[in-house]
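A.B. asks: Predicted model, plus sequence, below.
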Amino acid sequence: MIKSLSIQNYALIDKIEIEFHHGFSVITGETGAGKSILLGALGLILGNRADLNIRKDKSKKCVVEGEFLLDKIDLEHFFSENDLDYDQMVILRREINSSGKSRAFINDTPVNLNLLKELGEQLVNIHSQHQTLNLGKFEFQLNVLDAFINNPVLLEEYQNMYRAFRKAEKKLQYLISRNQRLKTDEDYIRFQLSEFESVKLEKQAFEHLVDREQLLSHSEEIASGIMQCRELLDEGDTNAVQLLREVVHVMNKLSGYHTPIKSLAERLESVEIELSDISSEIAALSNETEFNPGELAEIKNKLDKYYHLQQKH
């Protein structure tokens, strides 16, 4: 039952506090006395939508607070399910501040309007003559049935079993949802793995492909340079290997006359051998630089996949 109602800055009311006692209470008055205003204020703490213009003084907040005794109604499960502090005396409060923002509280805990309305519907019935709206509500019918059976032991046993069932149902839904998320994650990871396996590039293989791609992309420029080097080294009419060979021949003839000349001749012979080897290796490069458009396209495709995965992951 409702024990008290406190109203501040609502409609025509500056401040009023009403105490309700056990039994039947009647508020009477002629038309315009303010009976509907009291019901409107009560409706605020029962979860009704607020008219932001209802504040008497627009510079101050409107506060409506009601105390309800829960000695004849079992709502402990409601408070437990919604993580609210339970006590047989529950306080509902609604505030509308000077900016028009509305806030709702149950036992000083901020709640949303839907939760306040859900609790309010179980505490108070507001109806007019000939209205029987509650008769069609499942919760009301259930309360009437429980009151008719009048077996609190059986009711408590059923409620405990029902709460255990709801808890198990929530756990099952959580596990089903979690399993679906894990399956989705597994599918995505397998997809990523297949992407990586489609590339299969070790570090050395990747470096080789990069080098090969550079070689094939610039094969014409490289081939031209190699040809020029071969001409200068040993294929031209006047080439470095031939000139060096003649120098070595002259130095060898003079080496018997002076010891340092012999040493220089030996060094020149080593240079000639090294230069000849270099010339041969440069000639061998000619075969590697032959342009192959099919191979180049395949390498570029592999590298593109690798770079895409590298950027993606």
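C.D. replies: Looks like it came in fine.

A.B. asks: Surely V26 forms part of a helix?
C.D. replies: No. In this structure, V26 is coil, not part of a helix, as judged by DSSP: H, G, I helix; E, B strand; the rest coil.

A.B. asks: ok, how many other residues are close to I282?
C.D. replies: Using other Cβ atoms under 10 Å, I282 is surrounded by 16 other residues. Quick note: C-beta positions are derived from backbone N, CA and C, even for glycine.

A.B. asks: Regarding it, which helix or strand does it belong to?
C.D. replies: Assigned by DSSP states H and E, I282 falls within helix 259-288.

A.B. asks: packing partners for that helix?
C.D. replies: Under the contact criterion of 3 or more Cβ pairs under 8 Å, 6 or more residues apart in numbering; DSSP states H and E, the helices and strands touching helix 259-288 comprise helix 219-230, helix 240-254.

A.B. asks: Give the buried residues for it.
C.D. replies: For helix 259-288, burial by neighbour count (16 or more other Cβ atoms under 10 Å) applies to I261, L264, A265, L268, E272, L275, S279, I282, A283.

A.B. asks: Tell me who's in contact with the second one.
C.D. replies: L264 makes contact with M251, according to Cβ atoms under 8 Å, 6 or more residues apart in numbering.

A.B. asks: State the distance from it to L254.
C.D. replies: Look at L264 and L254: by Cβ to Cβ, to the nearest Å, they are 9 Å apart.

A.B. asks: and R93, what pLDDT?
C.D. replies: Per-residue confidence for R93 comes out at a pLDDT of 95.

A.B. asks: Sorry, wrong one. I was asking about F148.
C.D. replies: Taken from the predicted model, the pLDDT recorded for F148 is 89.

A.B. asks: Next secondary structure element downstream of the helix or strand hosting it?
C.D. replies: F148 belongs to helix 138-149 when assigned by DSSP H and E. Per DSSP H and E, helix 138-149 leads on to helix 152-199 as the next helix or strand towards the C-terminus.

A.B. asks: buried residues in the following helix or strand past that next one?
C.D. replies: Tracing the chain past helix 152-199, the next element assigned as helix or strand by DSSP H and E is helix 203-217. Residues L209, R212, E213, L215, L216 are the ones in helix 203-217 that count as buried (16+ other Cβ under 10 Å).

A.B. asks: can you confirm F68 is in a helix?
C.D. replies: No. Using three-state DSSP, the secondary structure at F68 is strand, not a helix.

A.B. asks: Count the residues that sit near it.
C.D. replies: The burial metric for F68, expressed as a neighbour count using other Cβ under 10 Å, is 23.

A.B. asks: now do E67
C.D. replies: Other residues near E67 number 17, with proximity taken as other Cβ under 10 Å.

A.B. asks: quick one, what contacts it?
C.D. replies: Applying Cβ under 8 Å, 6+ apart as the definition, the contact partners of E67 turn out to be I2, K3, S4, M89, V90, I91.

A.B. asks: low-scoring stretches of the protein, by residue?
C.D. replies: Under the criterion of pLDDT under 70, the regions of the chain flagged as low confidence span 33, 128-134, 198-204, 287-292, 313.

A.B. asks: the domain parsing of it - what is it?
C.D. replies: Domain assignment of the chain by automatic domain parsing yields the ranges 2-128, 156-197, 203-312.

A.B. asks: what would those domains look like in a markdown table with distance to E139?
C.D. replies: Listed next are those as a markdown table, based on distance: least, Cβ to Cβ, whole Å:
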| stretch | distance to E139 |
| --- | --- |
| domain 2-128 | 7 |
| domain 156-197 | 14 |
| domain 203-312 | 54 |
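
A.B. asks: ok so, going back, mind checking the helices and strands packed on helix 259-288 for the one nearest to I96?
C.D. replies: Each of the helices and strands packed on helix 259-288 was checked against I96 via Cβ to Cβ, and the shortest separation belongs to helix 219-230, namely 80.0 Å.

A.B. asks: Could you list every helix and strand in contact with that closest one?
C.D. replies: Packed against helix 219-230, as judged by 3+ Cβ pairs under 8 Å, 6+ apart, are the following elements: helix 259-288.

A.B. asks: Kindly recompute the last result at 10 Å.
C.D. replies: Contact partners of helix 219-230 among helices and strands, from 3 or more Cβ pairs under 10 Å, 6 or more residues apart in numbering; DSSP states H and E: helix 203-217, helix 259-288.

A.B. asks: May I see the ones you listed organised as a markdown table, with distance to G40 added?
C.D. replies: Converted to a markdown table, these look like this (distance: least, Cβ to Cβ, whole Å):
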| stretch | distance to G40 |
| --- | --- |
| helix 203-217 | 76 |
| helix 259-288 | 93 |
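
A.B. asks: These: which one's closest to I13?
C.D. replies: Ranking these by their distance to I13 (criterion: Cβ to Cβ) puts helix 203-217 first, at 80.2 Å.
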